[in-house]
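> return atomic coordinates for the entry below.
(chains A, B, C and D)
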Number of protein chains: 4
Amino acid sequence: MTERNIAIEAANRDAVEDQRVEIVERKGIGHPDSICDGIAETVSRALSQLYLDRVGHVLHYNTDETQLVAGESIPDFDGGEVVEPIYILIVGRATKKYNGQRLPVDSTAVSAARTYLRENIPALTLGTDVIVDVRLGQGSGDLKDVFGENNVEIPMANDTSFGVGHAPLTETEKIVQAVEMQLNGPYADNHPVIGPDIKVMGKRENNSIDITVAAAMIDRYVADLEDYADAIENIRAFVTDVAHRHTNREVTVAVNTADDYDTGSIYLTVTGTSAEMGDDGSVGRGNRANGLITPNRPMSMEATSGKNPVNHIGKIYNLLSTDIAESVVADVDGIRDLQIRLLSQIGRPIDEPHIADAKIVTESNVNLQAIEPEIRAIIDNRLADVTSITERVINDELTTF
Amino acid sequence: MTERNIAIEAANRDAVEDQRVEIVERKGIGHPDSICDGIAETVSRALSQLYLDRVGHVLHYNTDETQLVAGESIPDFDGGEVVEPIYILIVGRATKKYNGQRLPVDSTAVSAARTYLRENIPALTLGTDVIVDVRLGQGSGDLKDVFGENNVEIPMANDTSFGVGHAPLTETEKIVQAVEMQLNGPYADNHPVIGPDIKVMGKRENNSIDITVAAAMIDRYVADLEDYADAIENIRAFVTDVAHRHTNREVTVAVNTADDYDTGSIYLTVTGTSAEMGDDGSVGRGNRANGLITPNRPMSMEATSGKNPVNHIGKIYNLLSTDIAESVVADVDGIRDLQIRLLSQIGRPIDEPHIADAKIVTESNVNLQAIEPEIRAIIDNRLADVTSITERVINDELTTF
Amino acid sequence: MTERNIAIEAANRDAVEDQRVEIVERKGIGHPDSICDGIAETVSRALSQLYLDRVGHVLHYNTDETQLVAGESIPDFDGGEVVEPIYILIVGRATKKYNGQRLPVDSTAVSAARTYLRENIPALTLGTDVIVDVRLGQGSGDLKDVFGENNVEIPMANDTSFGVGHAPLTETEKIVQAVEMQLNGPYADNHPVIGPDIKVMGKRENNSIDITVAAAMIDRYVADLEDYADAIENIRAFVTDVAHRHTNREVTVAVNTADDYDTGSIYLTVTGTSAEMGDDGSVGRGNRANGLITPNRPMSMEATSGKNPVNHIGKIYNLLSTDIAESVVADVDGIRDLQIRLLSQIGRPIDEPHIADAKIVTESNVNLQAIEPEIRAIIDNRLADVTSITERVINDELTTF
Amino acid sequence: MTERNIAIEAANRDAVEDQRVEIVERKGIGHPDSICDGIAETVSRALSQLYLDRVGHVLHYNTDETQLVAGESIPDFDGGEVVEPIYILIVGRATKKYNGQRLPVDSTAVSAARTYLRENIPALTLGTDVIVDVRLGQGSGDLKDVFGENNVEIPMANDTSFGVGHAPLTETEKIVQAVEMQLNGPYADNHPVIGPDIKVMGKRENNSIDITVAAAMIDRYVADLEDYADAIENIRAFVTDVAHRHTNREVTVAVNTADDYDTGSIYLTVTGTSAEMGDDGSVGRGNRANGLITPNRPMSMEATSGKNPVNHIGKIYNLLSTDIAESVVADVDGIRDLQIRLLSQIGRPIDEPHIADAKIVTESNVNLQAIEPEIRAIIDNRLADVTSITERVINDELTTF
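Got it, this is the predicted structure:
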């Protein structure tokens, strides 16, 4: 093996935390785009598992194209109804036949998608509110087998692709992430009125942070407008609390700002997702691989969700670069801002990128030269272990959106 | 009201029971065409009920066009799998808006169809083996309201249409009907190995009746070829027994005649319906309104299932003519063969057909003149009560296929 | 070869021409059900030809399930518009791979369907007014090859099926057929205002014939209500004329009887078919194989259009029985009404039906015994030549609806 | 009007042109993702025009969700064939009824998409190789009318959104852009062998630029492997030439690097797009609003194509920020790198963003203070003229991908 091409240099810019204006967004798990990401990735995992179970290694597939067509609903206090179901089309390629064996690719995909919906959008009635359809084209069984339990070889890059990761998160990023996860986690457990379609936008100007939450409220748990107003205020208070855990800056929180109580126009839904009434969705249009949209940072356009985790270099490098960034920051003190890019080299093993390019802003009292060897060693080590990314994806240990 | 135009005359032909060759067929409830009929009619009932519940009367709709696209499966002893789901498209017209109220027409249709499948094709796993989609075009809310609880008026015929009914059933017809119903009823309750896709063909030549049954066997209940052979033989014996209850003629029974035990080519399925592996289906292609296909008798081409039971004259007249024929034969002795046709007259109340035309073969010792007044009275009475057909359809008291 | 089982007997009933009430219907080529029949049969021919061209014989397929979902339109004097396209789904099974060769089955089907629409519904704009989609499941290449240029063997019947044919046509049947064909032929050539969706209903009571025509008028050729009224009156006169060529009975003609000039509710369309505005359609729901719906006569429920002409016994026997009936009547004098039924026998060559069963009403001065040998010879001869049916279907020399 | 919040400051980083590693990508017009972008934007323009023509102002719609499902093809020297058509589903929301008037939204969308395909993927046979379907949900006619010929008011921002633009392009960006446009323009005019699915990747390390082109070759213009090799070499020479027009740096060009002449595995297509054989596509997954993917620069995740150009603040700000950046650089000397971000403020007119935030790297001999007023004036002026963006989009004067 040749030595890996790892470049570590000063970022030559302000840390994002120190930039004057910062914008961060996260589309919660019930947002139409996130639903598509979630289904695409779930279908991908299910197919990986299917291939491992049946033929011992993952075959060629790509399911990164789920399309959601919004339904139509009539939400109402104490419970309305969906009148036209959401239509979800699972799209992609998959190997349907291997060594003469026909594999239940389409059934597996539909089944996985439905299970995912049941678990993640629980207020959605599967038999009435949503139609899950599938169009998986046939891939070629001739394609080289790419992954197997006994196959520890590192695959070759088949495309020029690029991944980028960052660490640590800024305060604003941490808040946006935590708000969505707390609302969709413990808060929702105790307050079923909040649906999973929660969009969180964070905007920081210097030391002032605005958090804007758009939360689809579930109508059956709302008796009237007053009840609704209480629920919103409760969310606002909770979010404010979550935010203050991550910053000492000034925080302002607004929830469902488009509501107009006078006209009765509020963000009420039957199922907890705006997909029920007019918001279409598709894969790769929302959160990046680290769960955030961060216009202050370089981002990859690559849709990570649904891609084959064995041989799709864009997926692997996006997840790996985030993993590397987090590993470095976890182990090395004094880093205020780290960005790492991985650029693949066609025809080379994927643990040997064309370049692994780290740009670092250190704390003011830290000298980059001093910590550079430690950083390099971690990057080198994580690259050597690249295939673990594939395993962790298949085992659902890594999120992609 | 004008006097109804009822014509009663001798049939001037042999009773079907006395014809030399007779053919009768019934596609069981799990046959792809019957699945479509069943869904179409179930969706129709659900929409009628929806309209009654929401606006007090049935609005304009027609759902007589469900299309089933077969899936793909790999049946196997002790249980195989569906690899490509069946795709079912519910097609039709329905009023979606009425007096400013949006009605959940599509959701209701999908939900009704799924419930129907769950109850009637129980071995089908809804989340994996079948996709239920819907394309219901918008009807016009301007169309005259056609039916309501307080509306006892009799609607006008809006089309020239025709219905035909017969009674009594011949022995062969009775056998074909009974065989399917017994197999799909008590027999299936005790023998889950038999799926609901049971096709029964009866052929009588003079006094010899051949009954041919094609029954989709469910693989999870079949251990091996011997087990399969036993199950088939068991069905054969049961069918023979059923047949003899309805005739003293000679009966021969064959089950799954296309099987070839040597090559292992047998009629094994995962779900109990051939829709899983290559047989498409649609509405109105199978059984007529009386549940049979009877080439020896005039039949209406009209698809009865899925049509609006309030104003679709073809549906009403097919059901009514069968109802009349059965009523007459139940109450009047001495009829060997009765056929009644109803022909609508555009612009006239549907209880006043252009002509109600009965053709009768009496028992040899019976004089038609003697029973004619009794027959006429029953026909007249049933016509007067035509709107009860609509009610019975909505209440699921009349089968359409 | 064993001697064929041909039964010839007196019909023991009145000729249909002499029955008191007779009903006949024909759905013209532009009717939504006929559009589906036409596409199904066209796709079938295209696939037969594709297989012959590529592999030398026709492979396994069945395309008898086209579903049409109506569009939405706003017709207007001097030309309106389609606002929601018609959706047509071609459904069926076809062999996509043979001896390692991938065959362009789906493309061929879509292409054939579009060409058919272009030629037969010329006022329909293909790029705007209609979407043609396809779901053809894979058939099995393992199935026995069934037909080839060098393969003169007669296939075996693989199902118990039944075909029925009649000749000669009654006057009412002739009129109904001629009216539609004349209107959709020479008349339409000179009067583009009439669309191809022409439904003709004939009702004869004793010696009085009512012909009711429902004709979709094309809006761009209609300036105003007066213009429309003129066009309708012109059709009425033409149809009356056509009818009188086939009968000396009294004839009444009505055209577009549902029109209401006072409210302006008339049968105006943009494209010449009601498929544009609310009438769905599917295969096998309209005309029988002889182009007519004849409730006075036994009919087969089998959808003839779209079935594989090589091995689908129902299709072949429906076409063959009609062919035989016409041949007999053409060559043998003195037949007033002939019905022939063919019943297949599984496992026997299709030229040896279980029974070929002719029922004849002779002219009053003709003795059946006298012409029986001649009739038998023709039936025997046509049966021997059964494979020519397949060829004529593929060469588009036989219509199926 | 309040004064606009425009912030102009030094970028505090290297110009992208001076960064060590730079990556740039452009998906050509025939790439599956670009096809979706192109259709989405074309449909959007067609709907805007439809609304302007029919009701005088643009109504509520959003068509940014086209999904492409790849087909299957068998390319071959001198011409192969598509065996399974590409399936394109146009998805979105649109107002179908306005003031009682039904608008031909679906037909317009399908028609526009087909015209777009005909013009931009000319080797694609519309009737055979592609199916264009549509699922446009109904928007609400109640939504405020947002744009009209006589309506010069500036709309309010209805969302917190963000746009970002850059100028001038770096050499690598210029090359990538020029290569695709030249190949798909003059080169293709003279060399029909090259299809429109051309993906160009540029990678610069210090002063060395690698250009990698993946070009779908059209089989009917390729006689054999030698012919193919010549065509590729010709493209390579042309691209090298184009590149040198934009840089003095060292340039290396590679075309279709995944080809393997020994196994005959080359990038041959029937239609000139990989959509024919396995590459699905959707909107917003490829080029950003300036036609490039530039991981070295902040990018917006927002899909620009297909969005409503009147009221979608993300679309407007992405196009406007690019427009501003280009205007500034065109008029002001001494700017080496300019980035401008526009952040909307809900409830304020869109010409008054929350902040317009310019970050500038000047040429070494230029003082930012000196040119700051000039820059500010241009930004202010372009913001004031924000509604011209809408007009230019509708008039097809601005590209979105």
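> and the closest residue to residue A:28 other than its chain neighbours, how far from chain D?
Nearest non-adjacent residue to residue A:28, counting by CB to CB, 6 or more residues apart in numbering or on different chains: residue A:198, 3.5 Å away. Using the backbone N, CA and C atoms, a C-beta is placed for each residue, glycine as well. Distance, residue A:198 to chain D, using CB to the nearest CB, to the nearest Å: 15 Å.
> measure residue A:198 to residue A:305 for me?
As judged by CB to CB, to the nearest Å, residue A:198 and residue A:305 stand 18 Å apart.
> ok so residue A:93 is a helix residue?
No. Using DSSP: H, G, I helix; E, B strand; the rest coil, the assignment for residue A:93 is strand, not a helix.
> list the contacts of it.
If you count contacts by CB atoms under 8 Å, 6 or more residues apart in numbering or on different chains, residue A:93 has them with A:60-63, A:136-139, D:70, D:278, D:280.
> okay, now residue A:347: neighbour count?
Residue A:347 has 10 neighbouring residues, counting by other CB atoms under 10 Å in any protein chain shown.
> ok, now which ones touch it?
Contacts of residue A:347 by CB under 8 Å, 6+ apart are A:156-157.
> need the per-residue pLDDT for it.
pLDDT, residue A:347: 81.
> in the sheet, who's paired with the residue nearest to residue A:28?
Beta-bridge partners recorded for residue A:198 (DSSP bridges): residue A:215.
> report the separation between it and chain C.
Applying CB to the nearest CB, the value for residue A:198 to chain C is 35 Å.
> for residue A:36, same thing?
The gap separating residue A:36 from chain C is 22 Å, by CB to the nearest CB.
> quick one: which helix or strand includes that residue?
Per DSSP states H and E: residue A:36 is located in helix A:32-55.
> buried set for that helix?
Going by neighbour count (16 or more other CB atoms under 10 Å in any protein chain shown), the buried part of helix A:32-55 is A:32-52, A:55.
> interface residues of the stretch 51-200 of chain A facing chain D?
A:62, A:64-65, A:67, A:69-72, A:84, A:87, A:89, A:91-93, A:135, A:137-139, A:158, A:160, A:162, A:164 (CB under 8 Å from any CB of the partner chain).
> mind giving me the PyMOL command for buried ones among those residues?
Buried residues among those (16+ other CB under 10 Å), as a PyMOL selection:
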select buried, chain A and resi 62+64+65+67+69+70+71+72+84+87+89+91+92+93+135+137+138+139+158+160+162+164
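> the domain parsing of chain A - what is it?
Using the TED database, the domain parsing of chain A gives A:6-18+A:158-169+A:285-395, A:32-140, A:171-282.
> which ones are touching residue A:73?
Shown in contact with residue A:73 (CB under 8 Å, 6+ apart): A:80-84, A:269-271, A:276-277.
> report the beta-bridge partners for it.
Legend: beta-bridge partners of residue A:73 under DSSP bridges are residue A:82.
> any figure for the gap between it and residue A:83?
6 Å.
> contacts for stretch A:118-125 next, please.
For stretch A:118-125, using CB under 8 Å, 6+ apart, the contacting residues are A:29-30, A:35, A:38, A:82, A:86, A:117, A:126, A:130, A:195-196, A:218, A:220, A:270-273, A:276.
> may I have that stretch as CSV, with CA atoms only?
What follows is stretch A:118-125, C-alpha atoms only, in CSV (Å, rounded to 0.1, in the frame of the first residue of the first chain):
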residue,chain,number,x,y,z
ARG,A,118,-45.5,2.9,10.7
GLU,A,119,-42.7,3.5,13.2
ASN,A,120,-41.8,7.1,12.2
ILE,A,121,-45.1,8.7,11.2
PRO,A,122,-47.3,6.9,13.7
ALA,A,123,-50.4,9.1,13.2
LEU,A,124,-50.5,8.1,9.5
THR,A,125,-52.9,5.3,8.9
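> any buried residues in it, and which?
Residues of stretch A:118-125 classed as buried: A:120-125 (neighbour count, 16+ other CB under 10 Å).
> tell me the one of those nearest residue D:209?
Using CB to CB, residue A:120 comes nearest to residue D:209 of the buried residues of stretch A:118-125, at 45.2 Å.
> contacts only, for the residue nearest the centre of chain A.
Per CA atoms, centre = their mean, the C-alpha nearest to the average position across chain A is that of residue A:401, at 0.5 Å. Residue A:401 is in contact with A:34, A:37-38, A:41, A:286-289, A:291, A:304-305, counting by CB under 8 Å, 6+ apart.
> what about chain D: which of those touch it?
The residues of the contacts of residue A:401 that also fall near chain D, by CB under 8 Å from any CB, are A:286, A:288.
> which pair of the contacts of residue A:401 spans the longest distance?
A:38 and A:288 (14.6 Å).
> what are the ranges of the helices in chain A?
A:32-55, A:105-120, A:126-129, A:171-182, A:188-190, A:225-244, A:313-331, A:368-384, A:387-394 (DSSP state H).
> nearest approach to residue C:336 belongs to which of the ones you listed?
Nearest of these (CB to CB): helix A:105-120, 57.4 Å.
> how near is the residue nearest to residue A:182 when sequence neighbours are not counted to residue A:10?
Once flanking residues are discounted, residue A:182 sits nearest to residue A:242: 5.1 Å by CB to CB, 6+ apart. Look at residue A:242 and residue A:10: by CB to CB, they are 34 Å apart.
> the more surrounded of these two?
residue A:242 (21 against 11).
> name all residues that make contact with that one.
Residue A:242 neighbours (CB under 8 Å, 6+ apart): A:175, A:178-179, A:182.
> do the same with residue A:48
A:58, A:308-310, A:393-394.
> now these as TSV including distance to residue A:358 and neighbour count?
Putting those into TSV (distance: CB to CB, whole Å; neighbours: other CB atoms under 10 Å in any protein chain shown) gives the following:
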residue	distance to residue A:358	neighbour count
A:58	30	25
A:308	27	26
A:309	24	26
A:310	26	26
A:393	23	24
A:394	28	21
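> and which of the residues you listed is nearest residue B:320?
residue A:308 (60.3 Å).
> tell me how far the closest one lies from residue D:41.
From residue A:308 to residue D:41 the distance is 30 Å (CB to CB).
> and if you look at residue A:341?
In terms of CB to CB, residue A:341 sits 30 Å off from residue D:41.
> now residue A:29
Counting by CB to CB, the separation of residue A:29 from residue D:41 is 30 Å.
> pretty sure residue A:256 sits against residue A:215.
Yes. Assessed by CB atoms under 8 Å, residue A:256 is found in contact with residue A:215 at 6.2 Å.
> looking at the two, which is more packed in?
residue A:215 (29 against 20).
> that one reaches residue A:194, doesn't it?
Yes. When contacts are counted by CB under 8 Å, residue A:215 is listed as touching residue A:194 (5.5 Å).
> which parts of chain A sit against chain B?
So far as CB under 8 Å from any CB goes, chain A lies against chain B at A:72, A:74, A:81-85, A:87, A:96, A:102-107, A:110-111, A:114-115, A:126-129, A:131-134.
> thinking again about what came up before, tell me which of the domains of chain A sits most buried.
Comparing the domains of chain A by mean neighbour count (mean count of other CB atoms under 10 Å in any protein chain shown), domain A:32-140 ranks first with a mean of 22.
> so for it, mean pLDDT?
When pLDDT is averaged along domain A:32-140, the result is 95.
> how far off centre is that domain?
17 Å (CA atoms, centre = their mean, to the nearest Å).
> what residue in the stretch 151-300 of chain A comes nearest to chain D?
Across the stretch 151-300 of chain A, no residue is closer to chain D than residue A:280, which sits at 4.4 Å (CB to the nearest CB).
> which ones are touching that residue?
Neighbouring residues of residue A:280 by CB under 8 Å, 6+ apart: A:32, A:67-70, D:62, D:64-65, D:91-93, D:137.
> can you name the residues that contact whichever residue of the stretch 101-250 of chain A sits closest to chain D?
Using CB to the nearest CB, the closest approach of the stretch 101-250 of chain A to chain D is made by residue A:135 at 4.8 Å. Residues near residue A:135 by CB under 8 Å, 6+ apart: A:89-91, D:69, D:87.
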